[in-house]
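1. A predicted structure for the sequence below; I have some questions about it.
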Amino acid sequence: MITPTHVDALRKVRFFEELTDEDLERVAKLGQRRKYAAGDALVERDSQQGGLFVLLSGTAAVEVGGTTHTLGPGDFFGEMALLGRTRRSASVTASEPVEALVIETTYFDPFLMQNPSVAVAILHGVVERLRAVQERIDGTHDASGGG
Ligand code: CMP
């Protein structure tokens, strides 16, 4: 059942910010609400499991390249396998009990085509994430370069 809480949680996701409440209700209906205990793997690196995850509550850790990033309510992940049809690029583990809305690729593609503003907003999010990774790499190079 879709509750106002779902729509409120989706409203916090930046790439959904241009959607109307009706659109958000449709997104919420596309997704399955799943619960995870602390320590559970939400996705495992290199797995072929698809789907976009939106965190409704709790925090999760993305482990990639020896670094950990913490995601919280309103954050999303899983867009790389979703958009790139590739294996998972990182493992994501629940740091505490987590509730997530999981939207399977099969349902999300037609939705993106009907809502190009969401597709464009996701692209912005992907570029921001790429940019953050590049800056970290550059920072590492600066630090190791020693000046
Ligand atoms: P995907 O590859 O489908 O599954 C793992 C997810 O972790 C990935 O999509 C991104 O959403 C997220 N992710 C991967 N690398 C990073 C990173 N460097 N910073 C933040 N999130 C990431």
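-> Perfect, I can see it now.
2. show me the helices in this structure, by range?
-> 4-11, 21-30, 79-84, 105-114, 116-145 (DSSP state H).
3. beta partners of the residue nearest in space to the middle of the chain?
-> Centroid-nearest residue in the chain, with CA atoms, centre = their mean: Phe77, separated by 1.7 Å. With DSSP bridges applied, Phe77 shows beta-bridge pairing to Phe53.
4. any figure for the gap between it and Thr140?
-> Separation of Phe77 from Thr140 (CB to CB, to the nearest Å): 22 Å. All C-beta atoms are positioned from the backbone trio N, CA, C, and that covers glycine.
5. list the buried residues for stretch 92-101?
-> Buried residues in stretch 92-101, counted by 16 or more other CB atoms under 10 Å: Val92, Thr93, Ala94, Ser95, Val98, Glu99, Ala100, Leu101.
6. if we can go back for a sec, show me the contacts for the residue nearest to the centre of the chain.
-> Going by CB atoms under 8 Å, 6 or more residues apart in numbering, Phe77 touches Leu42, Val43, Leu52, Phe53, Ala60, Val62, Leu71, Val92.
7. follow-up on the earlier one: which of the buried residues of stretch 92-101 sits closest to the ligand?
-> Val92 (5.4 Å; CB to the nearest ligand atom).
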